[in-house]
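# how does the following fold in three dimensions:
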Amino acid sequence: MAGDDLCYLGAAEALAAFKARKLSPVELMRAVIARAEVVEPRINAFTASFFEQALEQARKAEARYMKTDGRTRPLEGLPTAIKDESYIKGQVTTKGSLVLRDAVAPYTSLVAERLLRAGAIVHARTATPEFSCIGVTHSRLHGITRNPWNTHFTPGGSSGGAAAALAAGSTTLANGSDIGGSIRIPASACGLAGFKPPYGRNPDEPPFSLDFYCHTGPLARSVRDCAVMQNVMAGPHPRDIVSLRPKLRIPDRLGDIKGWRIAYSLDLGYAEIDSEVAANTLAAVETLRSAGATVEAVDLGWSWSTLTAAMNYLGHLFGASIVRYFTRHRHELTDYAIAFAEAGQRVSTDDFFASLEVAGEMYGTLGPILEKYRILLCPTLAVPAVPADHNPARDRVEINGVEVAPELGWCLTYPFNMMSRCPVLSVPSGQAANGVPTGVQIVGRTYDDVSVFRAAAALEAADPWYTAARRPKL
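Model prediction:
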């Protein structure tokens, strides 16, 4: 198999080839490292790399596959990039900030721990904006991360380095976190599958494990690989009080969607949507119809008050985690992190309480829709992507000649952090004329993860991504 083909080999296919002794984890790791050395100067997805260590671990994985008992772990030998936000004990974890440039992690995050115990090999850490507080990926510490499909644009954020590395073929799997869309935004911009599990499905550490907007989850180049990783990440953990029992496993065979009733909305009732995004979303609607589902437009009745509520909630809690650095380190912070935290300081207790009231009103319409329909389909982003250096502290965003909020006004992800018990999977819907992918979100009933994966698999089966003919030209 050619080097580039190996770089884009799916995780499930790689595991099968390892077990059949048709491929060595060492071969795969060498191919991924070689690819990273070629593409990294153009995309800047990694904040640190551990290539020699990873090759040594790949040799140990190879030895395990060669044993006659056949006992291997679920992700044995797979190159896996970990976001520079998740802790790995003994490694520097910067969270994209100059303030933390030398911060050595005292422990390993729960999800990273699970991935490592499952045999994943961490060959690199992936870039994030400072404190993961915006939907693009650039920082004073690590510079600008770029979209492999068109380097003038962002790969999204905050898990932008993870998505860029997957799209470029410099990792097989990558993890992400999602507090306002940080898995789904980059999944859409980079043509990937990105899963925001329902609140509590995957464990996390306090205090953010106690924030119902906050989720950890997988990013991958296919729905199947996303499920492979999710099945490792999910399940109760004794150190996370909100982690759910029992563990849910996404089955290998998902089944079809014949006879399903599916709802869709192009704009969630209020958002401005780019014409290419709308056209690709409608094409996804037709694909679901062709797969045997009845698909109907619905009116959620939501408004821009949704974004106001989300930003008030995020600023009040998330912003407080940044304010603590103001006294001694303000001069080292990015302007966008300062602006985000300062906006949060202006949020009153009444504003915060109102954000919960708005979330309740939103589910008052979404809940009955999901009772009638199996899933809801909508765009992930209102535009394919914004420029790579987009800075919400100073830049404007216009869609159809209408100015929208530069932070998240170009995203349709944050409403489903508010609807946090609903699983949401973003998958590709097509490409824009500029080469940047577009995506759709598949929103499920509360805690019905499997239906979301079934619908995503139906869309993917009709138009698979990352074939030899459809890869970024780097």
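# Val443 touches Cys378, doesn't it?
Yes - using C-beta atoms under 8 Å, Val443 makes contact with Cys378 at a distance of 7.1 Å. C-beta here means a position set from N, CA and C on the backbone, and glycine is covered the same way.
# phi, psi for the most centrally placed residue in the chain please.
Note on the chain: the residue nearest the mean C-alpha position is Ile183, at 1.8 Å, using C-alpha atoms, centre = their mean. Main-chain torsions, Ile183, degrees, to the nearest 10: phi -90, psi -50.
# let me see the contact set for it.
With contact taken as C-beta atoms under 8 Å, 6 or more residues apart in numbering, Ile183 is in contact with 159, 176-177, 194-196, 215, 217-219, 426.
# equivalent analysis for Gly169, please.
Contacts of Gly169 (C-beta under 8 Å, 6+ apart): 4, 7-8, 32, 35, 39, 471.
# now Gln345
By C-beta under 8 Å, 6+ apart, Gln345 lies in contact with 315, 319, 323.
# nearest residue to the first one other than its sequence neighbours?
The reference is to Gly315. Distance criterion C-beta to C-beta, 6 or more residues apart in numbering; nearest residue to Gly315, sequence neighbours excluded, is Gly344 at 2.9 Å.
# now do the second one
If the residues on either side of it in the chain are set aside, Gly319 comes closest to Gly344, at 2.3 Å by C-beta to C-beta, 6+ apart.
# cool, and the last one?
In space, Val323 comes closest to Ala341 once its chain neighbours are excluded; the distance is 4.8 Å by C-beta to C-beta, 6+ apart.
# isn't the one you found right up against Leu317?
No - assessed by C-beta under 8 Å, Ala341 is found out of contact with Leu317, at 11.2 Å.
# so for those two, which residue has more residues nearby?
Ala341 (23 against 20; other C-beta atoms under 10 Å).
# re the thing from before, right, and the residue nearest to Gly319 touches His316 too?
Yes - using C-beta under 8 Å, Gly344 is in contact with His316, at 5.6 Å.
# who has more neighbours out of those two?
Between Gly344 and His316, counting by other C-beta under 10 Å, Gly344 is the more crowded of the two (23 against 19).
# who's in contact with that one?
314-320, 322-323.
# for it, give me the backbone phi and psi.
Main-chain dihedrals, Gly344, degrees, to the nearest 10: phi -60, psi -30.
# identify the residues contacting the longest helix seen in the chain?
What stands out as the longest helix in the chain, according to DSSP state H, is helix 349-372. Helix 349-372 is contacted by residues 261, 263, 298, 300-302, 305-306, 308-310, 312-313, 316, 376, 415, 418-419, 422, 443-446 when judged by C-beta under 8 Å, 6+ apart.
# now with 6 Å?
263, 298, 300-302, 305, 309, 312-313, 316, 418-419, 445 (C-beta atoms under 6 Å, 6 or more residues apart in numbering).
# with stretch 281-296 instead?
Residues from elsewhere that reach stretch 281-296 (C-beta under 6 Å, 6+ apart): 257-258, 260-262, 264, 266, 379, 429, 440, 458-459, 462.
# of the residues you listed, which is the nearest to Glu332?
Nearest to Glu332 among the contacts of stretch 281-296 is Pro379, at 36.4 Å by C-beta to C-beta.
# pretty sure that closest one contacts Leu412?
Yes - here Pro379 reaches Leu412: they are 5.5 Å apart, a contact under C-beta atoms under 6 Å.
# where exactly do the helices run in the stretch 351-474 of the chain?
415-418, 449-462 (DSSP state H, counting those that start in this stretch).
# helices or strands up against the last one?
In terms of contacts (3 or more C-beta pairs under 6 Å, 6 or more residues apart in numbering; DSSP states H and E), helix 449-462 is packed against helix 223-233, helix 275-290, strand 424-431, strand 437-444.
# can you list contacts of it?
223, 227, 248, 250, 254-255, 257, 284, 287, 291, 374-375, 423, 425, 427, 442, 444.
# next: the shortest one.
Under the criterion C-beta under 6 Å, 6+ apart, residues 180, 213, 306, 310, 359, 422, 424, 443 lie in contact with helix 415-418.
# what about 7 Å?
With contact meaning C-beta atoms under 7 Å, 6 or more residues apart in numbering, helix 415-418 is reached by 178-180, 196, 213, 268, 302, 306, 310, 359, 362, 422, 424, 441, 443.
# can you give me the end-to-end distance of stretch 38-54?
For stretch 38-54, the first-to-last residue distance is 18 Å (C-alpha to C-alpha, to the nearest Å).
# for it, buried residues please.
Residues of stretch 38-54 classed as buried: 38-40, 43-51, 54 (neighbour count, 16 or more other C-beta atoms under 10 Å).
# make JSON lines from the contacts of stretch 281-296 and add distance to Phe352 and neighbour count to it.
Compiled in JSON lines, the contacts of stretch 281-296 are given as follows (distance: C-beta to C-beta, whole Å; neighbours: other C-beta atoms under 10 Å):
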{"residue": "Ile257", "distance to Phe352": "39", "neighbour count": "21"}
{"residue": "Lys258", "distance to Phe352": "45", "neighbour count": "9"}
{"residue": "Trp260", "distance to Phe352": "38", "neighbour count": "19"}
{"residue": "Arg261", "distance to Phe352": "36", "neighbour count": "13"}
{"residue": "Ile262", "distance to Phe352": "35", "neighbour count": "22"}
{"residue": "Tyr264", "distance to Phe352": "32", "neighbour count": "20"}
{"residue": "Leu266", "distance to Phe352": "31", "neighbour count": "19"}
{"residue": "Pro379", "distance to Phe352": "28", "neighbour count": "29"}
{"residue": "Ser429", "distance to Phe352": "35", "neighbour count": "27"}
{"residue": "Val440", "distance to Phe352": "31", "neighbour count": "30"}
{"residue": "Ala458", "distance to Phe352": "40", "neighbour count": "25"}
{"residue": "Leu459", "distance to Phe352": "37", "neighbour count": "24"}
{"residue": "Ala462", "distance to Phe352": "43", "neighbour count": "14"}
